[in-house]
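> with the sequence up front, the predicted model follows.
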Amino acid sequence: MMSAIVTTDLPRGKVSNRIRLGVLLPTIIVGIPLIVFVLYPLVQILGRSFSTRDGFGFGNYAAMLGNERFVRITYNSVDMTLTSTVLAVVLAYVFAYAIQRSTLPARGLFRMIAVLPLFAPSLVQAQGLVLLFGRNGIINRTFGLGIDIYGYWGIVIASVLYVFPYAFLILSAALAVADARLYESAQMLGASKWRAFRTVTLPATRYGIAAAVFVCFTLVITDFGNPMVIGGDYTVLASEVYNQVIGQANFEMGSVIGMVLLIPAAIAAITEKYISARQHALISEQSKPLIPRPDRTRDTLLGLVVGMISVAIVAVMAVVVFASFVHLWPYRMDFSLRHYAFDVQNGIQPLWNSIWISLMAAGVGVVVVTAAAYVVEKFASPATRLLYFLAILPAAVPGMVLGLGYILAFNNPSNPVYAIYGTLFIIAVANVYYYHAQGFLISSTSMKQISNRFDEASATLGGGRFHTFVKVTLPLMLPTIVGVAVFFFMRSMVTLSAVIFLVTPHTQVAAVSVLYLQDRGATNQAAAFSVCIVATVVVALLAARLLLNIFGYRKMPLIR
């Protein structure tokens with residue numbers, strides 16, 4: 001009897017070690033790329049910021065902080081960002097309220113208009129404003145208004161239009177559900193509609209407001225395209241990083257500014273996560289859904305605001321499309337297709353490069369974020385907590401900082417990653433890890449909805465984890481996987497800041513071509529490239545929707 005016990009104890013110990021290894025090994029495999037492509041570049045840029053002629057020290061930081069111009073640029077960035085964030089969140093809240101809490105007609109159309117800027121590079125907003133209100137803008141020339149759009153207010157308006165859809169999507173989700181019983185109680189107690197809004201609606205959506213504020217703040221302060229196109233003499237931190245690295249080849253000072261830029265972005269991301277973690281459910285099984293009732297005064301006022309915002313969004317996008325089809329803006333406004341011949345440097349190749357990069361990012365992105373989400377959800381251990389942190393870390397890293405980190409980390413022949421440096425693939429990788437946090441959270445949220453009983457049933461029937469993952473998990477997650485792939489494709493097509501330091505004459509991408517063409521005054525060609533980027537993204541969305549329809553997911557959203 002004793003011998004039997006000893007005999008069974010030994011294999012159990014070996015099995016236990018194998019189980020631990022089976023849990024730890026996937027975490028290591030998934031974590032290594034995050035360490036290489038996220039953590040290592042950040043360590044490199046941090047180290048370079050402390051590198052001086054006399055060795056390591058705070059000399060670079062002291063020089064920057066003692067520089068009056070740097071202090072002014074920092075103030076410019078914070079001032080512009082706060083103004084843009086407040087305006088964007090307020091306007092998006094009104095827009096989302098009109099969509100979710102009113103009986104305004106054509107709400108579906110207005111919802112589509114609200115997300116239009118997502119399909120274009122960020123600088124398209126500034127590009128459209130220049131075409132409308134610039135020195136040769138169609139409105140300035142037609143009415144002789146003499147509006148000077150360049151500088152502070154130009155960046156603010158362009159930034160508001162750029163981040164508006166992000167704030168709208170967050171606030172629309174926050175306003176989508178409500179408990180009608182609270183409003184009925186407020187009405188019975190004699191509260192006015194305004195007081196009910198202040199005491200019921202605003203408190204119920206405070207977490208959505210906080211999330212929108214921090215997302216908009218991070219996007220605006222790290223945006224590079226709009227300030228470069230419409231900023232004029234008003235310099236911000238993001239454009240200063242570009243000037244230091246590309247203009248002066250001063251990597252040390254560029255790294256210092258990059259680290260300074262990282263601080264507010266990281267604080268915003270951490271604060272948003274902290275506030276979101278404190279959010280509690282507002283809807284219970286006893287809740288009664290709120291159904292908006294007609295209110296002529298309310299709907300008329302909301303309709304006016306929504307209409308003006310929609311006109312602004314459509315006008316900025318439409319004028320870019322229009323400029324791509326005229327002979328020579330603004331002197332010969334007759335119809336022409338000459339700019340779609342792409343008889344500029346590199347021709348149409350940057351667009352094809354962007355498409356290939358986006359396809360690679362979509363494929364690699366789906367694999368890495370799905371694997372990370374699966375390991376975190378199904379192999380829970382202390383190690384997966386570190387993996388989770390690494391997976392969401394890119395949310396706090398500005399694109400320009402990550403791109404600069406790639407230069408410092410991988411532009412070295414002794415580094416194994418140098419084999420892909422200067423290729424389209426390294427740009428695709430940069431896009432994947434720049435947007436890794438968002439893709440990971442989408443996949444993780446979807447995976448949480450799949451019951452663990454599937455794994456238990458599969459194990460009972462003799463199936464392993466891999467078999468269950470392939471036969472059960474992946475089919476159930478198909479809509480999410482397609483959505484994540486489209487997300488990576490779309491963001492890779494329009495991103496600018498994450499790749500501006502990585503492109504070469506042979507790996508030029510369309511979004512960067514728009515910037516260069518606009519910068520040298522080739523307005524029509526820049527507009528044509530922008531239109532092609534938007535058209536490519538729309539085609540990708542339609543193709544994904546068709547794919548889901550073929551597999552029978554007609555009523556399921558593409559991207560949640």
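Cool, got the structure.
> wait, S444 touches A373, no?
Yes - shown here, S444 and A373 form a contact pair, counting by Cβ atoms under 8 Å, at 4.1 Å. To be clear about C-beta, it is placed using only N, CA and C from the backbone, and glycine gets the same treatment.
> okay, the two: which has more neighbours?
Set side by side, S444 and A373 give different neighbour counts by other Cβ atoms under 10 Å, the larger being at A373 (26 against 20).
> contact partners for the more buried one?
Under the criterion of Cβ atoms under 8 Å, 6 or more residues apart in numbering, the neighbours of A373 are 391, 440, 443-444, 446-447.
> please flag which of those residues sit within helices.
Within those, residues falling in helices by DSSP state H are 391, 440, 443-444, 446-447.
> redo those as a markdown table? Include pLDDT and distance to V200.
Supplementary listing: the ones in helices among the contacts of A373 in a markdown table, determined by pLDDT from 0 to 100; distance: Cβ to Cβ, whole Å:
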| residue | pLDDT | distance to V200 |
| --- | --- | --- |
| A391 | 89 | 36 |
| F440 | 89 | 34 |
| S443 | 84 | 34 |
| S444 | 82 | 32 |
| S446 | 76 | 31 |
| M447 | 75 | 34 |
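> which non-adjacent residue is nearest the residue nearest to the spatial centre of the chain?
Taking Cα atoms, centre = their mean as the criterion, Y435 is the residue nearest the geometric centre of the chain, at 6.4 Å. With Cβ to Cβ, 6 or more residues apart in numbering as the criterion, Y435 has its nearest non-adjacent residue at 5.1 Å, and that residue is R491.
> is the one you found in contact with V432, as I believe?
No - look at R491 against V432 with Cβ under 8 Å: they stay out of range, at 9.7 Å.
> more neighbours, the two?
Neighbour tally, R491 and V432, criterion other Cβ under 10 Å: the higher count belongs to V432, 27 against 22.
> wait, doesn't that one sit right on G363?
No - taking Cβ under 8 Å as the contact criterion, V432 and G363 are not neighbours in contact, 9.4 Å apart.
> how far away is V220 from I155?
In this view, V220 and I155 are 9 Å apart by Cβ to Cβ, to the nearest Å.
> who's more crowded, those two?
The residue with the greater number of neighbours, taking V220 and I155 and applying other Cβ under 10 Å, is I155; the counts read 33 against 28.
> relative to L87, how far out is that one?
Distance check for I155 against L87: by Cβ to Cβ, it reads 12 Å.
> contacts for stretch 530-539, please.
Outside of stretch 530-539, the residues within contact range by Cβ under 8 Å, 6+ apart are 119-121, 124, 127, 317, 320-321, 324, 340, 351, 354-355, 489-490, 493-494, 510-511, 514.
> domain ranges for this protein?
42-324, 336-560 (automatic domain parsing).
> among the ones you listed, which is nearest V30?
V30 sits nearest to domain 336-560 of all the domains of the chain, at 4.9 Å, using Cβ to Cβ.
> quick one: that closest one to chain centroid distance?
The chain centroid and the centroid of domain 336-560 are separated by 11 Å under Cα atoms, centre = their mean, to the nearest Å.
> any residues in contact with both of R491 and V432?
Common neighbours of R491 and V432, using Cβ under 8 Å, 6+ apart, are A361.
> before we move on, back to that, of the contacts of A373, which pair is most distant in space?
The most widely separated members of these are A391 and S446, with 14.6 Å between them, by Cβ to Cβ.
> which one of those two has more residues nearby?
More neighbours surround A391 than the other of A391 and S446, with 27 against 22 (other Cβ under 10 Å).
> list the residues that contact that one.
With contact set as Cβ under 8 Å, 6+ apart, A391 has these partners: 34, 369, 372-373, 376, 436-437, 440.
> and which of those residues is nearest L541?
V369 (19.1 Å).
> hmm, N76 is touching Y234, no?
Yes - under the criterion of Cβ under 8 Å, N76 lies in contact with Y234, with a separation of 6.2 Å.
> shared neighbours of the two, which are they?
Counting by Cβ under 8 Å, 6+ apart, the residues touching both N76 and Y234 are Y152.
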